[in-house]
Structures are given as C-alpha cells and as structure tokens.
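Chemist: mind looking at a prediction? Sequence and model below.
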Amino acid sequence: MKTVTSFRRGNRQLITEQMEYAFRDIEKKWQEFWEKNQTYRVEDQTDKPKYYVLDMFPYPSGAGLHVGHPLGYIASDIFSRYKRMKGYNVLHPMGFDSFGLPAEQYAIQTGQHPAITTEQNINRYIEQLKNVGFSFDWSREVRTSNPDYYKWTQWIFMQLFNHYYDKDADKALPVSSLTEAFSKGGSKAVNAVCDEDVPTFTAEEWNAKSETEQYEITLKYRLTYLADAVVNWCPALGTVLANDEVKDGVSERGGYPVEKKLMRQWMMRITAYANRLIDGLETIDWSESIKEQQRNWIGRSYGASVKFQVEGKAQTIEVFTTRVDTIYGVSFMVIAPEHELVPGLTTPEQKEAVEEYVNATKRRSDLDRMMEVKKVSGVFTGSYVINPFNEEKVPIYLADYVLAGYGTGAVMGVPSGDQRDWNFASHFGLPIVPILDAQRGIEEQADATKEGAYINSGIINGMGYKEATATLTAWLEERGLGKGKINYRMRDAVFSRQRYWGEPVPVYFKNGLPYLLDENDLPLELPAVDKYLPTESGEPPLGRAADWKYKGEYEYELSTMPGWAGSSWYWFRYMDPKNENELASKEAIQYWKGVDLYVGGSEHATGHLLYSRFWNKFLKDIGVAEQEEFAKKLVNQGMIQGRSNFVYRVKESNPVTFVSAGLKNQYEVTPLHVDVNIVDQDVLDIEKFKSSRNDVPSDAVFILEDGKYVCGWEVEKMSKSKFNVVNPDDIVEKYGADTLRLYEMFLGPLTDSKPWNTNGISGTFNFLRKLWRLFYEDQTGKYLVTEDQPTAEELKVLHKAIKKVGEDIEVLSFNTSVPAFMVLANELTTLKCHKKAILSDFVRILAPFAPHISEELWAALGNEAGTVTTQSFPEFNASYLVENSFEYPVQINGKVRTTLTFPADANPKEIEAEVLANETVIKWLEGKTPKKVVVVPKRIVNVVI
RNA sequence: ACGGACGUGGCGGAAUUGGUAGACGUGCUAGACUUAGGAUCUAGUGUCGCGAGGCGUGGGGGUUCGAGUCCCCCCGUCCGUACCA
C-alpha cells in the first residue's frame, strides 16, 4: 500500500510506513465502516429534537465536481455532525436535480437516452461525494428524473390545477368551492385571482351554462392555466430557449437568431402569492441581499390606476401611479413606444416622426437604454388626453423610458414632483406646475416632497398628503375612472418547455380543452422517442412518441415541465423518500416540518428560492406542508474562484522560448494559460508541460530564474478553458479528505467568494500530522497516550479551543475554528501533553471537521469503533479559563508604551497609582501631570497627557 | 445609473464587536538534524530607520482617552438589477 510514504525514498520508508499518518488507509477504512454499519442512517421515530440541514442538490453534469462544489456541503456536514453531537436527530440528505438541458443536448448529438447519461453522471458524483466523507443518509437519496419521484411533481401540478386563489380567504381553495359560489351568487360572489378577461355573470346565468362552458370559465381561475406567453423561439433549433440561453439576441449554443414569439404555454399563477411571498420574508433568517432581490423581483408598489379619456375618441388610456396626489400637476402623458395604442393615437402630421422613433427604440438594447438615463428623448403623437380632474388637455408623447411590460405601459408626467418627468418637460418646453406649497426650487429640479398643503389642485387644495390621496381615490372609484391598486412587477411564470428531458405534464386534451389525468394513472412516464428533436411540424419532442395517447384516444400535452419543477418541493421527499402513496407521510412531515438550515449558492435568489417558497405556501394551503416557509435559515456559500497560472512565450522566438515570470518584462511575450495541476507553488514542472501539450516542441527553450520556471497567476472563474480546474479527487488522493475538508473551511469566511489556491494546503495537512504525533511518536510509531491527570495549563488551552470552536460552529464561522485547532495542537506539542483526558476532548471537537482521523484516534484511545459520531460535544468549562492576573497594555496618549501585570481583581485606583509610578510611564510623562487616566478593567490603561 | 457586499503584509485571512493590528496558515530568509528532503525542529519575516523612534488596515475629513471597527465625502473591486411610473 502506497501511503504518505511516497514523500520518502530509501530504506526509511520501510521503517516509518506504519507510523505516519496514513490517511489513505484510515479514510478508506472508516468510509467502509460507515457504509457497512449505516452510521448515518436517520430514523424518524425518536425522542430527540429534530434538525434538518439541507444542501441545494446538484445537477449532475458530465464534468464532475470541482473543488468549489463541496464547499457548502462541507460546511453543512460539519454543522450536521455538530448538531448530532449536541443531541439532535439530524436529517442531512443528498440527491440530484437530474432533469436538465445538458443531458438532452448530449442526447440530441449522440442519440443516447438522457436517462443513461444522467445515471452515469450521478454515479460519478456519488463516488466523488463519498470520497469526501459526508454524513449523508444515502438511503434517502432522491432523483427528480425518477418516475417514483416525478409522480409527485405531477401530483402537485394536478393540485395546482384543481385550486384557485381566494383573496378573501387569502389562500388556495378547491375549484369546487369556486363553482359552488358561482352557482349561488354568480361571479360577484367570488373575490379571486384570475385572468384579466373573465366575464361577469349572475348565478342564474352560471347555472344555465353547459358543463363545458362552466369548465372553460374555471380555467381562468386555476393556479396553473394555459395562456399565450411571449417566449424566446429559436427557429433554427426548433425550440424555446430560457432567458439565460439567449445572449445578444442569438442562441448561446450555435449563435442562431432568436425571436420573441407568442405561444400557448402552461403558466403558474405565482402572482396570487405575491403578497405572501413578500410578507413572509420578514419571518425567515435569510441574507438581506437575497431578501432584497426577492422583494425587487416581486416589485410591489402601492398606488392607483387612473383612466384618461383620449380627446375626441372613445378610447381611454390607463396609467398606474404611486403619487395620485400629484395628478393636478400632470402636464403630459408618456406611453411606451411598443404600446398597442400608438398607431391609433398618431396624427398624420406626426406619423413620420413617430415611426422613426419607434424604429430607433427597437434598435437600442436594454443596456443602452439603462446607461443613457440622463439623455431625454421622445416624440409627440399629436393626440391629447383629458385630465379627469380639471378637464385640461394633456399632450401624449412616446418615450423609451416608459416600458411596455411594467404597469400599463403608460405614465402621467408630473414635472414638479419627479425628476425624470422634469427633465422631459424641460426638454420639450412643457409646463412645470407646482402642486405643494412645500416644493422648493422646482425651476432647477423636481421636488418629490409629500410635505405641505396642495396648491393649484382643485378638490384637494389645502389638504395634506394622506387626506388628498384618499379623497382623489374615492372620487375616481365613484366615477369608475380609477381605483386604489397594488401593482407588481412580477409576472406569472411560464411553466412549459418544448423539451424532452423533463416531467411530462399530466394533462390530455379533449375537444381542445385540457383535462387532468386520473390520479391513478400517475406517474405519466416519459415515452420513448426516435430523436430528441422537435417534430417536422414544430411540435415538441414528445410529439414523436408513437401511439402515445391517453386511454388510447386523447392527445397528451406535449410540453414538459421546467427545470425548477422538481426542485420546488424536494425537501419533503427526503422526509419519506420511498412513500408510494403520498409525497411524504403526514407523520414524517409533522416530525421534520421544514428545513432548519439551507445551504446553497446565491445565484438561485429569484429562481429556485422563490418558486420553492411559492409551492411550499400552496402545499401549506392544501394541508400538506406544516409551515408557511420551507427554510427557516438560509446561508449562501461564496463562489470558489480559480487561480490560473500563466507561462510567457517570447514573441516570434525560434526555437520557441518561454521566459519565467520575473524576467518577462525584458521580452515581448504572450501569456498562455497553463494547467495548474502541473504547477506547484507557482513553479512549472517543465517536463510535464512539454509532454502534456502538443504545441510545445521538445526543443523549446525555458529561461529560468534561480533554476526554476516561475509562472504568473491571476484569479479568474474556475473553468476548463482556463486550465485552472482542481478536482477534489486529486486533493483527496494526495492529502486526504480530512485535509481537504479543513482546508476548504480554512480558506476564508463561508459566505465570501475566494480563490482556490492549492499552495496553502500543506498547512492543514501538517496540522493533522502534528495531531497524529501527539498520539504516536514520529519514527518509531510508539503509542504515547497516558492516563495522567491534566494540568491547569493543559485544561486551559483545551477549553479555550472548546469554547472557540463551539461558538464558531453555531455561527458557521468555520474558517476561525481551524486555527483554533492548530493553536491547540501547537500548544499541546509545546507542553508535551499526551494525556488521554485532553486528547479525548480534542478528538471530539475535531470530529465534525475531520471525521476520518477522529474516528481513528477515538478508537486508538480505547473507545468502541465508529462511535465518535454519537459522542456528545465537550462542554466548555469557564472555570479553567479564569486568570488570576491580567497583563495590561499601558498606553500614553493612545500608544502602547509598556505592559504591566495586575491581579485580575485589582481595582482601577490601585492600577492607576501603580501605572503612574512606573518607570517607563514616568519617562514618557516628561515631568507633566496627566490630564486623565483611563483604566478599563481587564482591557487597557491609557494615560492622557 | 441604482441597490447590495467588500477593500488589512508577497498570498489566504485573524482581530474578544470601540481597547496591544497582522492570530493561524502559506511563502520567504537564516540555522540545526540529515546521504537526501516537498520530513522535522529553532529563529526571523508590515514598512522606514544603525538606533531611540517614526509611519501603517483603499484616499480625505470627523467623533472618541482610544478607530481596521462608528459617522460624512471620494476612489476601486465583485455581485445583482428595473429609467418601475
């Protein structure tokens, strides 16, 4: 067995082989032990308090894990192991978000079924994960692409279809209560979230409708529904693309043009939950930045909608405003260039100018529009609206600062109260009317104040802001010209994908209307297809399935669900992963409730994390979930960046010449990425470099410094193309999993992004070897541990570490606990302490971080094998840390000049007297009398002259 | 352009939350043991200065006996975004 002794050569290898920290043997042994003994298997039936630690499960890509992926898993694993030692029953599962585009893309290219590729990738992932020694309960593993899993994704879809959102109850209710209300009181008996175009009807009219007509009406209320939505359609690929697959108007893969197209899509009525999604943020311990992103994404604003009559026409233009109180200050109206009313409003004289403007807008990218905020542009349509309050004519303009997709696509311009409107009015010479007596300097810029009393404002003259808003809103509502309104930026979510590798939607069509499958027919499994491409007629890949009909006669829905479907409820499945009758049993959900700590990347801020909250709230409404929010606490681990190495090729050199980084300024060079795995401490392995690349001729010349070729470096994203990917398997092979775990934590705060630099790893490796030497003598391998009583000093250093590590784990500050271990090992080495009483506790506090070596040493101390996992975490005893004296830094005018030791309980008066009598202090006083002496007990003394 | 996070030695980072800045690790220098060293041990390592000492946490100002930490202005990096009415 080759072990760490590969560091050594010669005879001594034979002698020292068993003595040194043989991490490979140790880690393999304990991983096998854990597997065989099901050490991490979690039981649901226990008296212990529960704790649920969840990692965002990965998509199993073909590239495997790199060293950045395990960061969050290691952190959550440490926390899970710690919680177990603190007496909790900890659920800490892992699974795979295994539907996704890369597998499908691969299938298109190779014809291989995505299930096969996915399975292979998952196996590779599991192998890599097991290598790191995580305490996952693998018996609970889930895969979203397994039919026994997606059966329940489909089941949730069916529940969404069978429910509508009742605004009065403020929750989802079954469609049966909707139809019941209709039959009793007509459409006005119901206050529900629905499509814009729902008809009004009486109970009699409802009851007179045919079953089909009634069904069609309910489709406008259900929480999942069909609608025409704008999608990114790529004709060349024959498919719809997600936003992040489109770059600069062309497909990311292949660079084919992408167009906006209206398509019939399944939608999720997430907007029904907008309020609860915002309000719920107050109740969860998530980072402020994620909460802020979700708030912005949902974009709730309170205001009013107002209808303006177009002069001389029957049309009205509706605007949304958050400042209806400023309505008497309106001097123009602006509508988006894309607004559907533009052609109708344009007068013949203005036609040319308007068309030119509309075309110019189309050419500008969103980014351009964002960057040129200060530049005012716009064009007059020639038409006017009438301000309903003062009957004044208001010109209608087009301007690209108004967006068609937000609110109504039209805004009222109030130059005195809004800077953007002010800029616009100034540019076009429109009136700037003051509306509040508290507005100041509106000749120079807008003043958005809400203070003071209204002027020039008809029915609200003299009023304050609150009263004015209420008065105006009431006035509008009485006349049917407007109403108080809450506006959201968020739209309902498109739920269809014209793809193969996703959950089939459990719907069939009869006479053009969608109907759910019978629940007994779930799961609706993915049918076999000959190719993973759209059909010739442009249907999604499922259209290729032969004889794929519901009950042999009805067409199935051919689109599949999006990537986020399976991940929006997976935390429930871990609670009861094998259940065939429910997504998870009532008992399991009642016991585990929800996630206590969720660890994952912040890139899912508005996707996965918002959809999951939405589905969880829905599942709560229908009595499946126990809690309104699925994850109490969320921690976003930072990204691990790559650290790239470079070699410098001298331009036009013959033979090809590379110059070491320190000398490169003397030449004209081209920097080239070089694989970081053949570089050690920035020194290039020239032989490996030559043999690994075919663009390096064997006669290449290397200009060295100090006999070495030193590479340059830069921090970049970790990616294959930059040759800076580090595979955890390689690190485990060379240093062991425990070293990897410690080093990843040691790198820096969990939530910061930081570059991976293999250079530093020997520090944590050496620490473990040092720990090993507290147990076994170097060279001889003699067991050193004694039963002696620990000294006060030894107990002090131990308990300092127990305190520090315990506190650090609670706040997930793992980067600071690793140094605490190192300090402890250093101090015990200095004290030559090999006492069992001390080392036992050391091993226990280290166990969450470095489980393999801890099991090994725990057993070496004479304990039952494999039981360090179930030990209690050592209790910190403050009495060991009590000092009877304290060394005071003594400052003169804030600068430390000396230190003096006083008894811990010395009173400030005594300290002051002794300090002033001190030689060094007297010297610095230079005969002056101190103005003031500050004595902070057990902190500091400051003498102010 | 706005919002959020951040800025400390050659590098990764610590700092009891207002109290000795640079813990710990890496790297580097010198030495010991050694046939050897990517092992181990010892000493040193922010910067200027022979020294006493001065300076020092992106820059400038402020509060305080005392500021890396709190406040104001500016610069820079990263992440996010929506000219949101």
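Modeler: Right, received. Where do you want to start?
Chemist: got the phi and psi for residue A:174?
Modeler: phi -60, psi 150 (degrees, to the nearest 10).
Chemist: ok, it - contacts?
Modeler: The contact partners of residue A:174, by Cβ atoms under 8 Å, 6 or more residues apart in numbering, come to A:162-163. C-betas here are computed from N, CA, C, even on glycine.
Chemist: how about the contacts made by residue A:281?
Modeler: A:291, A:294-295.
Chemist: among those, which ones are buried?
Modeler: Neighbour counting with 16 or more other Cβ atoms under 10 Å marks A:291, A:294 as buried within these.
Chemist: which of the contacts of residue A:281 lies closest to residue A:541?
Modeler: residue A:294 (33.4 Å; Cβ to Cβ).
Chemist: quick one, what contacts that closest one?
Modeler: A:277-278, A:281, A:605-606, A:609-610.
Chemist: of the residues you listed, just the buried ones, PyMOL syntax please.
Modeler: Only the buried entries of those go into this PyMOL selection, using 16+ other Cβ under 10 Å:
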select buried, chain A and resi 277+278+281+605+609+610
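Chemist: show me the shaky parts of the stretch 251-400 of chain A.
Modeler: Within the stretch 251-400 of chain A, the stretches with pLDDT under 70 are A:251-254, A:364-374.
Chemist: mind listing the strands for it?
Modeler: A:259-268, A:301-310, A:316-321, A:332-335, A:379-386, A:393-398 (DSSP state E, counting those that start in this stretch).
Chemist: hey, which of these is tucked in deepest?
Modeler: Looking across the strands of the stretch 251-400 of chain A with neighbours counted as mean count of other Cβ atoms under 10 Å, the highest average goes to strand A:332-335: a mean of 24.
Chemist: give me the sheet partners of that strand and which way each runs.
Modeler: With DSSP bridges as the test, strand A:332-335 is paired with strand A:393-398 (parallel), strand A:410-413 (antiparallel).
Chemist: run the chain-centre distance for the first one.
Modeler: Centroid separation between strand A:393-398 and its chain, computed with Cα atoms, centre = their mean, to the nearest Å, is 44 Å.
Chemist: of the strands of the stretch 251-400 of chain A, which approaches residue A:167 most closely?
Modeler: strand A:301-310 (16.2 Å).
Chemist: quick check, distance from that closest one to the centre of its chain.
Modeler: 36 Å.
Chemist: which residues touch the residue of chain A found nearest RNA strand B?
Modeler: Relative to RNA strand B, the nearest point of chain A is residue A:763 (1.9 Å; Cβ to the nearest atom of the strand). Taking Cβ under 8 Å, 6+ apart, we find residue A:763 in contact with A:743, A:746, A:822.
Chemist: next step: those restricted to helices.
Modeler: Here DSSP state H is the test, and the contacts of residue A:763 give A:743, A:746, A:822 as lying in helices.
Chemist: okay, the residues you listed in JSON lines with distance to residue A:205 next?
Modeler: Output for those, formatted as JSON lines (distance: Cβ to Cβ, whole Å):
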{"residue": "A:743", "distance to residue A:205": "72"}
{"residue": "A:746", "distance to residue A:205": "72"}
{"residue": "A:822", "distance to residue A:205": "79"}
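Chemist: could I get the residues you listed as JSON lines with pLDDT, distance to residue A:634 and neighbour count?
Modeler: Shown next, in JSON lines, are the ones in helices among the contacts of residue A:763 (pLDDT from 0 to 100; distance: Cβ to Cβ, whole Å; neighbours: other Cβ atoms under 10 Å):
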{"residue": "A:743", "pLDDT": "94", "distance to residue A:634": "25", "neighbour count": "24"}
{"residue": "A:746", "pLDDT": "93", "distance to residue A:634": "24", "neighbour count": "22"}
{"residue": "A:822", "pLDDT": "95", "distance to residue A:634": "30", "neighbour count": "19"}
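Chemist: would you enumerate the residues in contact with the residue nearest the centre of chain A?
Modeler: Taking Cα atoms, centre = their mean, the centroid of chain A lies closest to residue A:602, which sits 2.4 Å from it. Counting by Cβ under 8 Å, 6+ apart, residue A:602 makes contact with A:287, A:289-290, A:636.
Chemist: filter those residues down to the buried ones and express that as a PyMOL selection.
Modeler: Only the buried entries of the contacts of residue A:602 go into this PyMOL selection, using 16+ other Cβ under 10 Å:
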select buried, chain A and resi 290+636
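Chemist: out of the contacts of residue A:602, which touch RNA strand B?
Modeler: For RNA strand B, the contacts drawn from these by Cβ under 7 Å from any atom of the strand are residue A:289.
Chemist: just the ones in helices from the contacts of residue A:602, please.
Modeler: A:289-290.
Chemist: between which two of the contacts of residue A:602 is the distance greatest?
Modeler: Farthest pair in the contacts of residue A:602, by Cβ to Cβ: A:289 and A:636, 8.1 Å.
Chemist: list the residues that contact the closest residue to residue A:72 other than its chain neighbours.
Modeler: In this structure, residue A:72 finds its nearest non-sequential neighbour in residue A:637, 3.9 Å apart by Cβ to Cβ, 6 or more residues apart in numbering. Counting by Cβ under 8 Å, 6+ apart, residue A:637 touches A:71-72, A:75, A:599-601, A:750-751.
Chemist: return the subset of the residues you listed lying in strands.
Modeler: If you go by DSSP state E, the contacts of residue A:637 have A:599-600 in strands.
Chemist: for PyMOL, write a command that selects the buried ones of the contacts of residue A:637.
Modeler: In PyMOL, this line selects whichever of the contacts of residue A:637 come out buried by 16+ other Cβ under 10 Å:
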select buried, chain A and resi 71+72+75+599+600+601+750
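Chemist: now pLDDT and distance to residue A:135 too, for the contacts of residue A:637, in JSON lines please.
Modeler: Converted to JSON lines, those look like this (pLDDT from 0 to 100; distance: Cβ to Cβ, whole Å):
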{"residue": "A:71", "pLDDT": "92", "distance to residue A:135": "16"}
{"residue": "A:72", "pLDDT": "93", "distance to residue A:135": "14"}
{"residue": "A:75", "pLDDT": "95", "distance to residue A:135": "13"}
{"residue": "A:599", "pLDDT": "93", "distance to residue A:135": "14"}
{"residue": "A:600", "pLDDT": "90", "distance to residue A:135": "18"}
{"residue": "A:601", "pLDDT": "85", "distance to residue A:135": "21"}
{"residue": "A:750", "pLDDT": "91", "distance to residue A:135": "18"}
{"residue": "A:751", "pLDDT": "89", "distance to residue A:135": "22"}
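Chemist: could I get the contacts of residue A:294 as JSON lines with distance to residue A:534?
Modeler: Formatted as JSON lines, those follow (distance: Cβ to Cβ, whole Å):
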{"residue": "A:277", "distance to residue A:534": "34"}
{"residue": "A:278", "distance to residue A:534": "39"}
{"residue": "A:281", "distance to residue A:534": "40"}
{"residue": "A:605", "distance to residue A:534": "32"}
{"residue": "A:606", "distance to residue A:534": "29"}
{"residue": "A:609", "distance to residue A:534": "32"}
{"residue": "A:610", "distance to residue A:534": "30"}
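Chemist: nearest to residue A:450 among the contacts of residue A:294?
Modeler: residue A:278 (22.7 Å).
Chemist: and that closest one, how far from residue A:212?
Modeler: Using Cβ to Cβ, to the nearest Å, residue A:278 is found at 38 Å from residue A:212.
Chemist: residue A:926 too?
Modeler: 102 Å.
Chemist: okay, these two: which has more neighbours?
Modeler: More neighbours surround residue A:212 than the other of residue A:926 and residue A:212, with 11 against 8 (other Cβ atoms under 10 Å).
Chemist: torsion angles phi and psi at the more buried one?
Modeler: Per degrees, to the nearest 10, the backbone of residue A:212 is at phi -60, psi -40.
Chemist: dump the residue contacts of it.
Modeler: A:511, A:513.
Chemist: ok, residue A:555 next?
Modeler: A:508-509, A:549.
Chemist: go on, residue A:499?
Modeler: So, once contact is read as Cβ under 8 Å, 6+ apart, residue A:499 ends up touching A:101, A:104, A:239, A:540-541, A:559-560.
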